[in-house]
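# Need a 3D model of the following:
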Amino acid sequence: MISTIAAFALGIAGVGCLYSSWKDRLPAHLRPTLLGWLLLIGSGYFAIRASGAEFGTTLIFTAPALVAWLLVAANLELRQAKVRKRKVTEKAEPVEAGGTRSLPRHLLLFVIAVPLSAAAATFFSVALARALPFSYLSHIAFAILLMPFLWGCAAYWALADSKLIRPVITIVALGLIGVVTAGL
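Model (predicted):
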């Protein structure tokens, strides 16, 4: 019982530290980022002690995310979008003929964000699930739950990074690690 309370308390405190590091504009040396990660690691230790390896690991991955969503939802601000109203008499702007210049880049981004990221996320999540001390059915469930999260992170990074080579190398490397580790 004490381990469960400690796990939740440390998890909430860890997410709170990470959230305050993200939200506040403090100088880098004053941000409690490291403390937040250490508290989350401590929370994981107590969660595994309280609930065993299977349920404790599941708590490690799900509880901090739920607490973070609650913190973000608590600070949600709804704003009106500033939209320039168009006069009814204005004509539509003509479409440029050279608008296909970005098509190859967008096709490349699509290939990286969808099939490449999905395959790498699948391989890596299966490898990670097989490495954890779970039953066979828990391996499957863990991999199924982790894969979309990893896929989304990889796709977001590939689309958001200005230098495409960084996410591509990381995604391919994690996919290869997953293939080699899982023996697929």
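# who does the lengthiest helix in the chain touch, helix- and strand-wise?
Ranked by residue count under DSSP state H, the longest helix found in the chain is helix 33-74. Helices and strands touching helix 33-74, as assessed by 3 or more Cβ pairs under 8 Å, 6 or more residues apart in numbering; DSSP states H and E, comprise helix 2-23, helix 136-160. Backbone N, C-alpha and C define where each C-beta goes, glycine included.
# out of those helices, nearest to residue 62?
helix 136-160 (8.5 Å; Cβ to Cβ).
# Provide the angle between the direction of the closest one and the direction of helix 33-74.
90 degrees (axes from the mean of the first three to the mean of the last three Cα atoms, to 10 degrees).
# Any chance you could list what contacts helix 136-160?
Residues from elsewhere that reach helix 136-160 (Cβ atoms under 8 Å, 6 or more residues apart in numbering): 54, 57-58, 61, 109, 112-114, 117-118, 120-122, 124-126, 128-130, 132, 134, 164, 167-168, 170-171, 174.
# ok so, going back, state the mean pLDDT of the longest helix of the chain.
Confidence over helix 33-74, taken as the mean pLDDT, stands at 86.
# Now a PyMOL select for only the buried ones of the contacts of helix 136-160.
The PyMOL command for the buried members of those (criterion: 16 or more other Cβ atoms under 10 Å) is given here:
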select buried, resi 54+57+58+112+113+117+118+120+121+122+124+125+126+128+129+130+134+167+168+171+174
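# So which of the contacts of helix 136-160 belong to strands?
Assignment to strands by DSSP state E places none of the contacts of helix 136-160 there.
# Quick one: neighbours of residue 157, just the number.
17 (other Cβ atoms under 10 Å).
# Repeat that for residue 74.
The number of residues near residue 74, taken as other Cβ under 10 Å, comes to 8.
# One more: residue 116?
19.
# Residue 134 contacts residue 52, doesn't it?
No. Counting by Cβ atoms under 8 Å, residue 134 stays clear of residue 52, with 10.2 Å between them.
# how distant is the helix or strand harbouring residue 106 from the center of its chain?
Using DSSP states H and E, residue 106 sits within helix 103-111. In this view, helix 103-111 has its centroid 22 Å away from the chain centroid, taken as Cα atoms, centre = their mean, to the nearest Å.
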